[in-house]
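Asks: sequence isn't available, so here's the structure alone:
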């Protein structure tokens, strides 16, 4: 079981990615899945360690993740600038809240996948490191980060505060390479990386492997459905398209 979660998200649990129609078109036309850099998300705590871990590390009460603890804050800040993430909502059912958050304009689309499909479909070359896992939602004041399912040095990329627990997020992280001959563990180097590392990367995907279903927003006008069918027919995906389960006539 994942810390801060009520249940383990399995490899076959449905994963939903809600998006605007424009972003859906870009995904299908390019066969690429956009991964923003971790520091480009709205939450300023993305990629940070917990307060409890930092206190214990700095007092010597726990072993640091890296051998030289004095350089660990720098290293985690650098990892934040090298980490690129794709975020998915894990649920067996469609979410009205997710439609409102990510596709509220009326022409929203959701693509449905699974962890197994993501593993098979995403090609993160030329980068060589990637990690797909469930996000842990923890109390940053009390959680010491010493246990958990993602026990690697990029674990902070899969940690979020408990106030985000409603997201039920599964996250794939690609670690970008650093091509700098002169490496110095200081703020000047971080500033240089902030300027030079791309704000996001486009990972190639196999659409047929990635997508299990394509769901049209319940408030989308009819012409959006027509456009989705035209687009998906061109790419052999039209048989995956369906309307939102929220559509229909209520019974009394």
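Replies: Now that the structure is in, tell me what you want to look at. Note that this is a predicted model, so its numbers are computed, not measured.
Asks: which strands border the helix or strand containing residue 130, and is each parallel or antiparallel?
Replies: Per DSSP states H and E, residue 130 falls inside strand 129-134. Strand 129-134 has these partner strands in its sheet, going by DSSP bridges: strand 169-175 (antiparallel).
Asks: so who does residue 229 touch?
Replies: 238, 241 (Cβ atoms under 8 Å, 6 or more residues apart in numbering). C-beta here means a position set from N, CA and C on the backbone, and glycine is covered the same way.
Asks: can you confirm it is in a helix?
Replies: Yes: using DSSP: H, G, I helix; E, B strand; the rest coil, the secondary structure at residue 229 is a helix.
Asks: tell me the bridge partners for the most centrally placed residue in the chain.
Replies: Nearest to the geometric centre of the chain sits residue 87, at 2.2 Å (Cα atoms, centre = their mean). Beta-bridge pairing of residue 87 under DSSP bridges involves residue 171.
Asks: would you agree it is in contact with residue 164?
Replies: No: contact criterion Cβ atoms under 8 Å: residue 87 and residue 164 do not qualify, at 10.7 Å.
Asks: which residues does stretch 39-53 contact?
Replies: So stretch 39-53 is contacted by 38, 57, 62, 76-77, 79-81, 83, 85, 138-146, 156-157, 159-161, 164, 194, 199-200 (Cβ under 8 Å, 6+ apart).
Asks: and those, which of them are buried?
Replies: Among the contacts of stretch 39-53, those buried by neighbour count (16 or more other Cβ atoms under 10 Å) are 38, 57, 62, 76-77, 79-81, 83, 85, 138, 140, 143-145, 156-157, 159-161.
Asks: which of the residues you listed fall in helices?
Replies: 57, 76, 77, 79, 80, 81 (DSSP state H).
Asks: need the contact list for the first one.
Replies: The one in question is residue 57. Counted by Cβ under 8 Å, 6+ apart, residue 57 has contacts 49, 64, 69, 72.
Asks: go with 6 Å
Replies: 64, 69 (Cβ atoms under 6 Å, 6 or more residues apart in numbering).
Asks: how near is it to residue 138?
Replies: 16 Å (Cβ to Cβ, to the nearest Å).
Asks: what residues sit buried inside the helix or strand of the chain with the lowest mean pLDDT?
Replies: Sorting the helices and strands of the chain by mean pLDDT, DSSP states H and E puts strand 129-134 at the bottom, at a mean of 89. The neighbour-count check on strand 129-134 (16+ other Cβ under 10 Å) flags 130, 131, 132, 133, 134 as buried.
Asks: go ahead and confirm the fourth one touches residue 159.
Replies: Meaning residue 133. No: taking contacts as Cβ atoms under 6 Å, residue 133 lies outside contact range of residue 159: 10.7 Å.
Asks: and the strands in the chain?
Replies: 15-19, 32-36, 83-90, 109-113, 122-123, 129-134, 136-138, 159-161, 169-175, 200-205, 213-216, 241-243 (DSSP state E).
Asks: format those as a markdown table; extra columns: distance to residue 103.
Replies: Below are the strands of the chain laid out as a markdown table (distance: least, Cβ to Cβ, whole Å):
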| stretch | distance to residue 103 |
| --- | --- |
| strand 15-19 | 5 |
| strand 32-36 | 15 |
| strand 83-90 | 12 |
| strand 109-113 | 7 |
| strand 122-123 | 22 |
| strand 129-134 | 23 |
| strand 136-138 | 23 |
| strand 159-161 | 21 |
| strand 169-175 | 17 |
| strand 200-205 | 19 |
| strand 213-216 | 10 |
| strand 241-243 | 14 |
